[in-house]
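Chemist: Need coordinates for the below:
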Amino acid sequence: MENLKIEKDSVVQFVYQMTDTNDNLLEDMTDKLPMAYLHGHGGLLKGLEKAMTGRHKGDEFSVTLEPMDAYGLKSDDAEQKIPMKHLQGAKRWKKGMLGVVHTEQGKKRVTVIKPGKFMVLVDFNHPFAGLTLTFSVKIIDIRAATAEELTHGHAHGVGGHHH
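Modeler: Presented below is the predicted three-dimensional model:
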């Protein structure tokens, strides 16, 4: 039982660091609670999930993902002017800040390109879109998913989804 390997319907807990091609540290989750996901259900970047398959608890590895296996290519038509009142996350906006906009498809993260008094130009691309990224990963734990997790399509508990 202790030697479980990551396969479809496994709940995996892991920590990671993410860097770009210039070795700039973009995210460091190694000193945070482990992230948890349900393997094989689309809850993780497809390239990272593929690299996790077959691994065991305690494994440490690095994988470099091209944009299409990570956050996608940068779309040139993702810029849009929106009313300032629809942008949430700060009182005063500056170029490069991240905010949230409620859309018909739900909440979307945006990057401020040019703030104005009443309107703001934002970029709907994910902040890491178009980047080749390297993930340095440590597998903390692996377990079989519960029936409820399989029904919901995501991991529950520490590092997972809370209802």
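
Chemist: going forward, measure contacts between C-alpha atoms and count neighbours the same way
Modeler: OK.

Chemist: Domain parsing of the chain, as residue ranges.
Modeler: For the chain, automatic domain parsing gives the domain ranges 10-71+129-152, 79-123.

Chemist: rank these by mean pLDDT and give me the bottom one.
Modeler: Lowest mean pLDDT of the domains of the chain: domain 79-123, a mean of 92.

Chemist: so how far is that one off the chain centroid?
Modeler: From the chain centre to the centre of domain 79-123 is a distance of 20 Å (C-alpha atoms, centre = their mean, to the nearest Å).

Chemist: From start to finish, how long is it in a straight line?
Modeler: This stretch, domain 79-123, spans 4 Å end to end (C-alpha to C-alpha, to the nearest Å).

Chemist: And for stretch 13-30?
Modeler: One end of stretch 13-30 to the other measures 12 Å (C-alpha to C-alpha).

Chemist: same question, stretch 15-27
Modeler: End-to-end for stretch 15-27, by C-alpha to C-alpha: 11 Å.
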